[in-house]
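Chemist: Give me a 3D structure for the following:
(chains A and B)
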Amino acid sequence: MSILEGRNLTKHFTAARGPRGRFGKRPPVRAVEDVSIALRAGSVTALVGESGCGKSTVARLLAQVYPATSGEVLLRGEPVRAHRGAAFKEYRRQVQLIFQDPFASLNPFHRVRYHLARPLRLHGHARSDAEEREQVAELLERVSLTPVEQFMDKMPHELSGGQRQRVAIARALAVRPIALIADEPVSMLDVSIRLGVLRLLEGLARENGLALLYITHDIASARYFAEDITVMYAGRLIESGPGEELTQSPRHPYTRLLLESAPDPDRVAPPAGERHGEPPSLIDPPGGCRFHPRCPVALPVCSTEAPGRTELGERRWTHCWQAGAALSR
Amino acid sequence: MNVLEIRGLGVDYLSGSGAVHAVSGVSLDLRRGEILGLAGESGSGKSTLANAVARLLRPPASITSGSVVYRRQDGSAVDVLALGGNELRAFRWKELAVVFQSAMNSLNPVITVGAQIDDVLRVHAPRMSRNERTERSVELLQRVGISADRRRSYPHELSGGMRQRAAIAIALALNPEIIIMDEPTTALDVVVQRDILAEIRALREEYGFAVVFITHDLSLLMEISDRIAIMYAGRVVETGTAKALHRAPRHPYTLGLLRSFPRLRGPREELPGIPGVPPDLRSPPPGCAFHPRCAMAVAECSESLPVLRTEADGEVACLLNDGRGVS
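Modeler: Predicted structure coming up:
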């Protein structure tokens, strides 16, 4: 059963500025359209896409940072709407977020101990100073910031990027969540540090049965650290499947383009110098399949109708007219 | 033939608690028309080195030692570090241009893209007439893949990739011999990045300029560069052709970097990565700066600083190395 699930999530933002349309209204930004994604306990699911494709919006919808325009979020199979007050606090106890920038997510005026003790106290896990100290030490141990005595009283500026991100992860763990949403957790870290942080997240998911959503633009790292990969483009889901299958035999032309474009020193021939264009505006996205203007194998139907989901096997599906045609042939 | 020769360059950042040696004793050659990749983690000194060469450093940074010599096509040499005022102005853009990571910050937000190219031409090529300048702007924009009508667009009206293309067009305006590109594609998506890299290679073929391409992404460098220099803690630790570095890295740090990248093809090998964190340059470790993180370190590594030795097809600064490579 899935721990955290989004069903047909759609999010339209209203622009605060810009030209008004015919009825005096500004056109909405169609950031996320009909996205369904499910996280399983003890497993890492990756959501891959380029910047502006809506992957962070999906993260925030799942974390109930703002309400969806339509669709619902299910926690342990129960629909939830918890955007403020006690309900939100209770939801936050179950679902935690980790952000990209560990320099911005820690308060520069507080020590590591404070960052970890706050959630422990607020959520009632630690009731005395002794309990607090013990649990803070335990959290630091879990994210491999040892010796713990040394790290407890450090200020954020005394830590490296990787260490800060570990503190942010420890803070998320402090409330004992069942689901963790990591939004580009390693893209601001140095290459040699990334692996350690990703391994830590993977281990946490495996050992503690956490459901982890790993949001990234780096499909190669998703191949290594996620069981399932879902690819997103211009606000819509494109393709999903077990990591190895999806990266080795992609079925959607966009996934293929993404894989071909990733830097790869093992590549034999340099790729042809053709231009692939850029992702569309989400204020006025192309009709039909949103990838069709850039698609090398687009059919006439692609520009008029959005493709439905074509099931290709267990946990494996794509939204592409070509795949549908190939199956029915 | 070299177009740029850096010898023993040192750059310090002066701070209250003493000087930080951001770049120390760097010697590097840039050959005419080659793409030289400069790789390293944050704080390795790669951007400081590039800014020193372009004479863009500002206090508290200061060049403490070394020389940078630029060689013109006719063989005459220019001491870049001694250029002042007008000479420096003539050297920049005409001989050496820079493309920065964030094109939004390097383009002026309140002037159209076409006007910014026009600006460079007006200042640096005063003999061109207005019509010639307009013609050249259109030509440059088209050359980097921006349609002529976009000349009247402001930077915010362009996408990230287009802005970076516009920045490249400005760098090309006066046909420089050297273009320094400091993380030009880091803020871009992979698909757009791929297109721009292809563009840079094509332009290089056409105009024959040399490129210093700076990035932390070694796998990307392996694809685009002819030669690569790896920096660690302010020093060059290894240089070599992209192929040689990929096939047989000689420095344990290079090897560690190569083993930090998840791959898209082939078996999902275990990724060892590099343990530890990059050193604090305020108090660098003695001897080889990499030794605390190095799995192959011996006692001597913490005592003596390895010098960059010339090998068959590159250089390496590692005590263990006798030219056979590590792995």
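Chemist: contacts and neighbour counts: CA atoms only from here.
Modeler: Fine.
Chemist: what does stretch B:128-137 contact?
Modeler: B:114, B:117, B:118, B:121, B:122, B:151, B:173 (C-alpha atoms under 8 Å, 6 or more residues apart in numbering or on different chains).
Chemist: how about those residues, which pair is most distant?
Modeler: Greatest spatial distance among those (C-alpha to C-alpha): B:122 and B:151, at 16.1 Å.
Chemist: Tell me which of the two has more neighbours.
Modeler: Taking neighbours as other C-alpha atoms under 10 Å in any protein chain shown, residue B:122 and residue B:151 compare with residue B:151 leading, 20 against 16.
Chemist: hang on, the earlier thing: and which of the contacts of stretch B:128-137 is nearest chain A?
Modeler: Chain A lies nearest to residue B:151 out of the contacts of stretch B:128-137, by C-alpha to the nearest C-alpha, at 18.4 Å.
Chemist: closest point of the stretch 1-150 of chain B to chain A, which residue?
Modeler: As assessed by C-alpha to the nearest C-alpha, chain A sits closest to residue B:41 within the stretch 1-150 of chain B, at 5.9 Å.
Chemist: The stretch 1-150 of chain B: strands as residue ranges?
Modeler: Ranges of strands in the stretch 1-150 of chain B, per DSSP state E, counting those that start in this stretch, are B:2-15, B:18-31, B:35-39, B:61-71, B:77-79, B:96-99.
Chemist: Does anything pack onto the last one? Which helices or strands?
Modeler: This points to strand B:96-99. helix B:160-172, strand B:178-182 (3 or more C-alpha pairs under 8 Å, 6 or more residues apart in numbering or on different chains; DSSP states H and E).
Chemist: which residues touch residue 1?
Modeler: Using chain A here. Shown in contact with residue A:1 (C-alpha under 8 Å, 6+ apart): A:40, A:41, A:76, A:77.
Chemist: Chain B was what I was after
Modeler: Contacts of residue B:1 by C-alpha under 8 Å, 6+ apart are B:31, B:32.
Chemist: give me the number of residues near residue B:184?
Modeler: By other C-alpha under 10 Å, 25 other residues sit near residue B:184.
Chemist: I believe it is in a strand; please confirm or correct that.
Modeler: No. Counting by DSSP: H, G, I helix; E, B strand; the rest coil, residue B:184 is not found in a strand; it is coil.
Chemist: That one touches residue B:101, doesn't it?
Modeler: Yes. Applying C-alpha atoms under 8 Å, one finds residue B:184 in contact with residue B:101, separated by 4.5 Å.
Chemist: So for chain A, which of the helices and strands packed on strand B:96-99 sits nearest?
Modeler: Using C-alpha to the nearest C-alpha, the helices and strands packed on strand B:96-99 put helix B:160-172 closest to chain A, at 7.9 Å.
Chemist: tilt between that closest one and strand B:178-182?
Modeler: 150 degrees (axes from the mean of the first three to the mean of the last three C-alpha atoms, to 10 degrees).
Chemist: what packs against whichever strand or helix holds residue A:201?
Modeler: Residue A:201 is part of helix A:191-208 when elements are defined by DSSP states H and E. Of the remaining helices and strands, those touching helix A:191-208 by 3+ C-alpha pairs under 8 Å, 6+ apart are strand A:43-48, helix A:161-174, helix A:219-225, helix B:252-258.
Chemist: roughly how far out does that helix sit from the chain middle?
Modeler: 15 Å (C-alpha atoms, centre = their mean, to the nearest Å).
Chemist: Just the buried positions in that helix, please.
Modeler: Using 16 or more other C-alpha atoms under 10 Å in any protein chain shown as the test for burial, helix A:191-208 gives A:191-198, A:200-206.
Chemist: cool, and stretch A:96-104?
Modeler: A:96, A:97, A:98, A:99, A:100, A:101, A:102, A:103.
Chemist: returning to what we had before: I would like the residues contacting the helix holding residue A:201, please.
Modeler: Identification of contacts with helix A:191-208 by C-alpha under 8 Å, 6+ apart yields A:41-44, A:143, A:162, A:165-166, A:186-187, A:210-212, A:225, B:41, B:216-217, B:256-257, B:260-261, B:271, B:273-277.
Chemist: got the CA positions of that helix in CSV?
Modeler: Output in CSV follows, covering the C-alpha atoms of helix A:191-208 (Å, rounded to 0.1, in the frame of the first residue of the first chain):
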residue,chain,number,x,y,z
VAL,A,191,30.3,16.1,-6.6
SER,A,192,32.4,14.2,-4.1
ILE,A,193,30.0,14.9,-1.3
ARG,A,194,26.8,14.1,-3.1
LEU,A,195,27.1,10.3,-3.0
GLY,A,196,27.4,10.3,0.8
VAL,A,197,24.2,12.3,1.3
LEU,A,198,22.3,10.2,-1.3
ARG,A,199,23.4,7.0,0.4
LEU,A,200,22.3,8.3,3.7
LEU,A,201,18.8,9.0,2.4
GLU,A,202,18.6,5.6,0.7
GLY,A,203,19.7,3.9,3.9
LEU,A,204,17.0,5.8,5.9
ALA,A,205,14.3,4.7,3.5
ARG,A,206,15.4,1.1,3.6
GLU,A,207,16.1,0.7,7.3
ASN,A,208,13.3,2.8,8.8
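Chemist: Next SSE downstream of it?
Modeler: Remark: after helix A:191-208, the chain's next helix or strand is strand A:211-216, criterion DSSP H and E.
Chemist: where in the stretch 101-250 of chain B is pLDDT low?
Modeler: For the stretch 101-250 of chain B, residues meeting the criterion pLDDT under 70 lie at B:103-104.
Chemist: where do the helices sit along chain A?
Modeler: With helices called from DSSP state H, chain A shows them at A:55-62, A:85-94, A:112-122, A:129-142, A:148-152, A:161-174, A:191-208, A:219-225, A:243-248, A:253-261, A:321-328.
Chemist: which phi and psi does the residue nearest to residue A:263 when sequence neighbours are not counted have?
Modeler: Using C-alpha to C-alpha, 6 or more residues apart in numbering or on different chains and skipping the chain neighbours, the partner closest in space to residue A:263 is residue B:220 (4.9 Å). Backbone torsions of residue B:220, given as degrees, to the nearest 10, read phi -70, psi -40.
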